[in-house]
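Q: Predicted model follows, preceded by the sequence.
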2 protein chains.
Amino acid sequence: MSPRFIEHQRLVLPAPLLLDGGAALSPVEVAWQSYGTLNDARDNAILICHALTGDQYVAGRHPVTGKPGWWERMVGPGKPIDTDRFYVICSNVIGSCMGSSGPASRDPASDTPWGMRFPVITIADMVRAQVALLDALGIARLHAVVGGSMGGMQALAWAAHHPERVGRALVIASAARHSAQNIAFHEVGRQAIMADPAWKGGDYYGARGGGPAKGLAVARMAAHITYLSEEGLTAKFGRRLQNRDAKTFGFDADFQVESYLRHQGLAFTDRFDANSYLYITRAMDYFDLAEPHGGKLATAFARSVATRFCLVSFTSDWLYPTSESRAIVHALNAAGAPTSFVELESGFGHDAFLLDVPALDRVIGGFVGEGA
Amino acid sequence: MSPRFIEHQRLVLPAPLLLDGGAALSPVEVAWQSYGTLNDARDNAILICHALTGDQYVAGRHPVTGKPGWWERMVGPGKPIDTDRFYVICSNVIGSCMGSSGPASRDPASDTPWGMRFPVITIADMVRAQVALLDALGIARLHAVVGGSMGGMQALAWAAHHPERVGRALVIASAARHSAQNIAFHEVGRQAIMADPAWKGGDYYGARGGGPAKGLAVARMAAHITYLSEEGLTAKFGRRLQNRDAKTFGFDADFQVESYLRHQGLAFTDRFDANSYLYITRAMDYFDLAEPHGGKLATAFARSVATRFCLVSFTSDWLYPTSESRAIVHALNAAGAPTSFVELESGFGHDAFLLDVPALDRVIGGFVGEGA
């Protein structure tokens, strides 16, 4: 049996969503997918939180790209997150563009797309929308919340803000706060989008010629480098030329790595909204779990002692290096929360959490499945 | 006595410059500066090679920016590169925009700026122009050639291609070939420039509204991150806010690091030509000293045994990490060239070669000054 896949599961929240920035967002639509079956005790739910450019299509065929879901290898019957045992939920974060409310959604006040009038949201706001979804589904407590990268930030926010609803938190290749360097890379991407005249201050929906595809492609190219590693790029491309025997002494994509990057940039613009990219990167920049606690991360987890944590990092991840996971582990230890931590060997860089790293499968399967 | 500073020293080469790409560039103008006095034996000349966005104004006041020269701290009377003893030369690389021939120069065939009709040049071509300059100055042999980053590539090319003319080669924070990751970052910058409609295929000179300043600023922002280090950014900015007590929940430069990066991008567009940025990054991407030798770097240095080498790297430089310098040292050792190597502790990242690293002063002073 393949995992159950229902397109276009959507929920309109029954009440406005009160955001960290002070606004009350309404209406709020949450697009989500589920895989597996919720048991009678309603205690076998696993929430998977997606990354910056991810979406709710964890497994099965993606309705837009036609490709397999982004964690197909991890989620399904008999897989590490076993849909024969667990009811797996993934919802598109608010601010995004795959069905949940975001800048491309309609602002009821003006009956036009929000554009940059959409309120700035935070990681905690994304989690608030997920909490409302679980409330609507009658799920009081998650067996586990799982996420990589920005998904890991959401998992940490779940455990910090709603510890009574989280049995296990699995945080992969993530951080408790966005570093200066990561803010800087995001700012480059935002400036690339905003520098594109087709951005039009965010009001490009329905515009002739479309949105700021060129700026968004540049943003994606810059970000994509940070998802990989020097050793991975060297192994995959090195200085090999693209379909030619010699350098052209021109500005074509002579090198395979150039051709690859250009493709990554272009392909991204087909599936992602530029304004959503602005909003979600902003949410990540703003993320700092320790900030409301005078910089003391352990205090953020003071109520999280009944949640079991597992932190995973990858050796070649320079975007969210092992030191970030270690800082979280130290805080959790100080808070007295049961915590395990593993640094996995991989040359794939940050993207390792999405790729073929068998040791990750074992860690995830063990952590979410044990004693369940 | 301050170093002698003569503005606008320029040489028009007496013959066309035969380029690696096959073209013969003519006319070729080389803009250069000198500091100190050439001795009667004409054997006290030190050539300093500048980096990607550097220029010939090593010391003294920069005529465009009004700021001190880029290596003011290293070059002058009594300084590590002592102009009381040495005749220091620095020329603007061809392809650049500070007086040497580049895409903004006039193409005599059309009597319009070259734009993208300027031939693609290489690091070896830059060195060819420097060789012609030294010929014109009657300097047969350099006491030393010195350079950081792309300047180090030129120093390596000097030693590999013209070993009989190089007494010492000092190569700082550099590499014998541009890595896949570095090509990727350059390609992001080029795409940012080319995505700007004001680029106009490179024919923006004299255009109303000027050139692709927004694209060039984005390119510079992305590159600038690679010149620093995570630890440096964290120490300098961390997550501190810019002139405000709380996040604005907007897209202003809330964080100091954002404000700093935006400033870096904007300031750069005042002093640098976007097409030059395309050409010089291309030259760096193409650089691979071992390529003509079947990948054997030692073979590139087979004739360099009478040149003394010194390689310097910095611990936090992730653009040209220590491993790149080590690879050069291994090749030089295999070639039998006298070589010293030092990795210096610094948190400044790649830019350390331009900044206050006293140990670097000692290494440079010792290497260029000893036995001279």
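A: Yes, it's here. These figures come from a predicted structure and were not determined experimentally.
Q: Can you tell me the SS state at the residue nearest to the spatial centre of chain A?
A: The centre of chain A sits closest to residue A:51, judged by Cα atoms, centre = their mean, with a distance of 1.1 Å. For residue A:51, the secondary-structure state derived from DSSP: H, G, I helix; E, B strand; the rest coil is coil.
Q: tell me the contacts of the residue nearest to it when sequence neighbours are not counted?
A: Nearest non-adjacent residue to residue A:51, counting by Cβ to Cβ, 6 or more residues apart in numbering or on different chains: residue A:149, 4.1 Å away. No exception for glycine: its C-beta is placed from N, CA and C like everyone else's. By Cβ atoms under 8 Å, 6 or more residues apart in numbering or on different chains, the residues touching residue A:149 are A:51-52, A:172-174, A:319-320, A:350, A:353.
Q: Just the buried ones out of the residues you listed, please.
A: With burial judged by 16 or more other Cβ atoms under 10 Å in any protein chain shown, the buried subset of those is A:51-52, A:172-174, A:319-320, A:350, A:353.
Q: Okay, and the closest residue to residue A:204 other than its chain neighbours sits in which element?
A: Closest residue to residue A:204 apart from its sequence neighbours, by Cβ to Cβ, 6+ apart: residue A:211 at 4.1 Å. Here residue A:211, judged by DSSP states H and E, is contained in no helix and no strand.
Q: Determine the number of other residues adjacent to residue A:211.
A: Look at residue A:211: counted by other Cβ atoms under 10 Å in any protein chain shown, it has 23 neighbours.
Q: now swap in residue A:26 and tell me
A: By other Cβ under 10 Å, the burial measure for residue A:26, its neighbour count, is 14.
Q: That one and residue A:100, how far apart?
A: From residue A:26 across to residue A:100, the span is 14 Å (Cβ to Cβ, to the nearest Å).
Q: again with residue A:230
A: In terms of Cβ to Cβ, residue A:230 sits 35 Å off from residue A:100.
Q: Between the two, point out the one with more neighbours.
A: The neighbour comparison of residue A:230 against residue A:100 (other Cβ under 10 Å) goes to residue A:100, with 25 against 21.
Q: which outside residues touch the helix or strand containing residue A:132?
A: Assignment of secondary structure by DSSP H and E places residue A:132 within helix A:123-137. Here helix A:123-137 makes contact (Cβ under 8 Å, 6+ apart) with A:11, A:13-15, A:17-21, A:28, A:30, A:32, A:38, A:45, A:47, A:49, A:89, A:91, A:93-95, A:100, A:140, A:142, A:150, A:153-154, A:157-158, A:161-162, A:165, A:283-284, A:286-287.
Q: before we move on, what about stretch A:12-22?
A: By Cβ under 8 Å, 6+ apart, stretch A:12-22 touches A:24-30, A:94, A:119-122, A:124-125, A:128-129, A:132, A:136, A:286, B:249.
Q: which SS class is residue A:33?
A: Three-state call for residue A:33 (three-state DSSP): strand.
Q: From what I see, it and residue A:98 are in contact.
A: No - judged on Cβ atoms under 8 Å, residue A:33 makes no contact with residue A:98 at a distance of 10.0 Å.
Q: With adjacent residues omitted, what lies nearest to residue A:103?
A: Leaving out its chain neighbours, residue A:103 is closest to residue A:275 (Cβ to Cβ, 6+ apart), at 3.7 Å.
Q: pLDDT wise, what is the closest residue to residue A:351 other than its chain neighbours at?
A: Excluding the flanking residues, the one nearest residue A:351 by Cβ to Cβ, 6+ apart is residue A:227, at 4.5 Å. Model confidence at residue A:227, expressed as pLDDT, equals 97.
Q: and residue A:227, what does it touch?
A: When contacts are counted by Cβ under 8 Å, 6+ apart, residue A:227 touches A:319, A:349-351.
Q: Output these as CSV; include the columns secondary structure, distance to residue B:333 and pLDDT.
A: Formatted as CSV, the contacts of residue A:227 follow (DSSP: H, G, I helix; E, B strand; the rest coil; distance: Cβ to Cβ, whole Å; pLDDT from 0 to 100):
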residue, secondary structure, distance to residue B:333, pLDDT
A:319, coil, 35, 97
A:349, helix, 31, 97
A:350, helix, 36, 98
A:351, helix, 37, 97
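Q: Closest one of these to residue B:198?
A: residue A:319 (31.7 Å; Cβ to Cβ).
Q: just checking, that closest one touches residue A:184?
A: No - using Cβ under 8 Å, residue A:319 makes no contact with residue A:184, being 11.8 Å away.
Q: which stretches of chain A aren't confidently modelled?
A: Counting by pLDDT under 70, chain A shows low-confidence ranges at A:1-8, A:371-372.
Q: Which stretches in it count as strands?
A: For chain A, applying DSSP state E gives strands covering A:9-12, A:17-18, A:24-25, A:29-35, A:45-49, A:75-76, A:81-82, A:87-91, A:106-107, A:112-113, A:144-148, A:168-172, A:308-314, A:339-344.
Q: Name every strand pairing with the fourth one and say which way it goes.
A: It refers to strand A:29-35. The pairing partners recorded for strand A:29-35 under DSSP bridges are strand A:9-12 (antiparallel), strand A:87-91 (antiparallel).
Q: and for it, what are the contacting residues?
A: A:3-6, A:8-13, A:56-60, A:75-76, A:83, A:87-92, A:94, A:98-101, A:105, A:129-130, A:132-133.
Q: returning to that earlier point: what distance do you get for the residue nearest to residue A:204 to chain B?
A: For residue A:211, the distance to chain B equals 13 Å [Cβ to the nearest Cβ, to the nearest Å].
Q: Contacts only, for that residue.
A: By Cβ under 8 Å, 6+ apart, the neighbours of residue A:211 are A:198-199, A:204-205, A:273-274.
Q: Name the member of these with the most neighbours.
A: Neighbour max across the contacts of residue A:211 (other Cβ under 10 Å) = residue A:274, 29 neighbours.
Q: That one: what's it in contact with?
A: So residue A:274 contacts A:193, A:196, A:199, A:204, A:211-213, A:215-216, A:219 (Cβ under 8 Å, 6+ apart).
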